[in-house]
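Colleague: A predicted structure for the sequence below; I have some questions about it.
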Amino acid sequence: MLDHIVGFRVGVTLCPWTARYDLARPVLTRSIVAAPGALPMTSPASTRRSISPAVLPEAWHGAATWTATPDGQQPWRVRPEHLERIMSADVDELARIPNGVRLEVDTDASALEVALTTTEAYGDSARCLDVVVDGEPAATREAGGSVSVRVELPGRPARVELWLPHAAPTVLHEVALVGATECVAAAARGPRWTVYGSSITQCNQAESPTGTWPALVAAQNSYDLTALGMSGQCQLDPPLAETIGASRPDLVTLCLGANIYGAATFTERSLPPAVIGFVDHVRRLTGAPIVIMSPTTAGPHREEERNSADLDQREIRALIHRAVAMLQRHDPLITLIDGSEIVTGQEMHLLGDLLHPTAEGYRVMAERLAPRLASVLG
């Protein structure tokens, strides 16, 4: 356990926070105050029980760490020391989007109260949160700007999940249960699953946080999800391999290629060793099975047109397959999924812009990926 100052870039501002960390669980050392822009909570203090990450950290999943802000708590999907080494304001912002970050408790509370602030989402993506009770959707609430939300609960023993917004940077001001006589962190769903990819893994077009394909797969397969979809930034950054390893996964999925095409990051010469090096880095940090998925099919503007690195998406897919075939000769715990089988060339109706799936497209992806991933763990 170590006390230190964490300083890293958020846009162009260097922001320090004092926090106490260990690799498994952070413990915040700053007090939390009410959000100046949030609506007041309505329940008497005597009936409310705080379950914020500072109070009940073992009940929160999907964040690499949390830091204190002047008015709440900031979830980070990538640890500050890893962000420092990526040196990208875009990745800093993406790390503040709590895609897949959630609370899971067993409680008999009669209501859940949440106060948070979101900033601008990607494009016209939904800014909302989801509440799930005993595995069934219970409520979806808008969460644009500074809001306070109350969701009624059964008032009997139940597993309650709160999923934070999946497409907008978010600061959490307060989370509390009303009328609870019992509240404990829920038992783990099952194996820890970490998935890394592009905006097609972040799923900005999903209708709500539980509608992303990783969230749908996690629900179907009973996985404990860590979601590292990085819109436009899935570039095989070595510090992201460290983030994956720090999540202590039982299963890893790497969805590679879409951003490599879009940014023309690698050439025919450099892409295979870059893929191999990134996977080798992950392998040094975990003995878990690693599933590598190549790009899902896109429109002809990507499949047939070469980027500035002189590669089209079909060629990038083939190069990834070639790299995986080499890795499999030395590692029996590596599996390849051909992304063109998950969204095919005959299913352009599932892509709203001939690249990103619609909400229905993400449901189709989850239906096809869940059994393939389940078979890897047996």
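Modeller: Great, that's in hand. Just so you know, these numbers come straight off a predicted model, no measurement behind them.

Colleague: was I right to think residue 203 contacts residue 211?
Modeller: Yes - between residue 203 and residue 211 a contact is recorded at 7.3 Å, counting by Cβ atoms under 8 Å. To be clear about C-beta, it is placed using only N, CA and C from the backbone, and glycine gets the same treatment.

Colleague: okay, and the common contacts of those two?
Modeller: Both residue 203 and residue 211 are in contact with residue 362, where contact means Cβ atoms under 8 Å, 6 or more residues apart in numbering.

Colleague: more neighbours, the two?
Modeller: residue 203 (31 against 23; other Cβ atoms under 10 Å).

Colleague: enumerate every residue touching that one.
Modeller: Applying Cβ under 8 Å, 6+ apart, the residues near residue 203 are 99, 166-167, 211-214, 229, 357, 362.

Colleague: and those residues, which of them are in strands?
Modeller: residue 229 (DSSP state E).

Colleague: what's the most distant pair in the contacts of residue 203?
Modeller: Among these, the pair separated by the greatest distance (Cβ to Cβ) is 99 and 357, at 15.3 Å.

Colleague: out of these two, which sits in the more crowded spot?
Modeller: Using other Cβ under 10 Å as the criterion, residue 99 and residue 357 rank with residue 99 on top: 32 against 23.

Colleague: returning to what we had before: narrow the contacts of residue 203 to those in helices?
Modeller: 213-214, 362 (DSSP state H).

Colleague: weed out the non-buried ones from the residues you listed.
Modeller: Buried members of the ones in helices among the contacts of residue 203, counted by 16 or more other Cβ atoms under 10 Å: 213-214, 362.

Colleague: what are the ranges of the helices in the stretch 151-300 of the chain?
Modeller: 199-202, 213-221, 238-246, 258-263, 271-285, 300-303 (DSSP state H, counting those that start in this stretch).

Colleague: same thing with the stretch 1-150 of the chain?
Modeller: Using DSSP H, counting those that start in this stretch, helices in the stretch 1-150 of the chain cover 80-86, 89-95.

Colleague: as a markdown table, these with distance to residue 193, mean pLDDT and mean neighbour count would be great.
Modeller: Below are these laid out as a markdown table (distance: least, Cβ to Cβ, whole Å; pLDDT from 0 to 100; neighbours: other Cβ atoms under 10 Å):
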| stretch | distance to residue 193 | mean pLDDT | mean neighbour count |
| --- | --- | --- | --- |
| helix 80-86 | 19 | 96 | 19 |
| helix 89-95 | 19 | 97 | 20 |
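
Colleague: Throw those into CSV and include distance to residue 332, thanks.
Modeller: Listed next are the helices of the stretch 1-150 of the chain as CSV, based on distance: least, Cβ to Cβ, whole Å:
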stretch, distance to residue 332
helix 80-86, 29
helix 89-95, 32
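
Colleague: compare the ones you listed and report which one is nearest to residue 330.
Modeller: Per Cβ to Cβ, nearest to residue 330 of the helices of the stretch 1-150 of the chain: helix 80-86, 26.6 Å.

Colleague: in CSV, list the C-alpha atoms belonging to that closest one.
Modeller: This file holds the C-alpha atoms of helix 80-86, laid out as CSV (Å, rounded to 0.1, in the frame of the first residue of the first chain):
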residue,chain,number,x,y,z
PRO,A,80,-3.1,6.7,-14.2
GLU,A,81,0.4,5.3,-14.5
HIS,A,82,-0.6,3.6,-17.7
LEU,A,83,-2.1,6.8,-19.1
GLU,A,84,1.1,8.6,-18.4
ARG,A,85,2.9,6.3,-20.7
ILE,A,86,0.4,6.5,-23.6
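
Colleague: which secondary structure elements does it contact?
Modeller: Secondary-structure packing of helix 80-86 (3 or more Cβ pairs under 8 Å, 6 or more residues apart in numbering; DSSP states H and E): strand 2-10, helix 89-95, helix 238-246.

Colleague: flag every buried residue along stretch 241-254.
Modeller: 241-247, 249-254.

Colleague: show residues contacting that stretch.
Modeller: 23-24, 64, 77-79, 82, 191-197, 223, 226, 228, 278-279, 281-282, 284-286, 288-293, 373, 376-377.

Colleague: inside strands: which ones of those residues?
Modeller: Among those, the members found in strands (DSSP E) are 192-197, 226, 228, 290-293.

Colleague: closest to residue 218 out of the residues you listed?
Modeller: For these, the nearest to residue 218 is residue 193 (6.4 Å; Cβ to Cβ).

Colleague: report the beta-bridge partners for the closest one.
Modeller: Taking DSSP bridges as the rule, residue 193 bridges to residue 225, residue 251.
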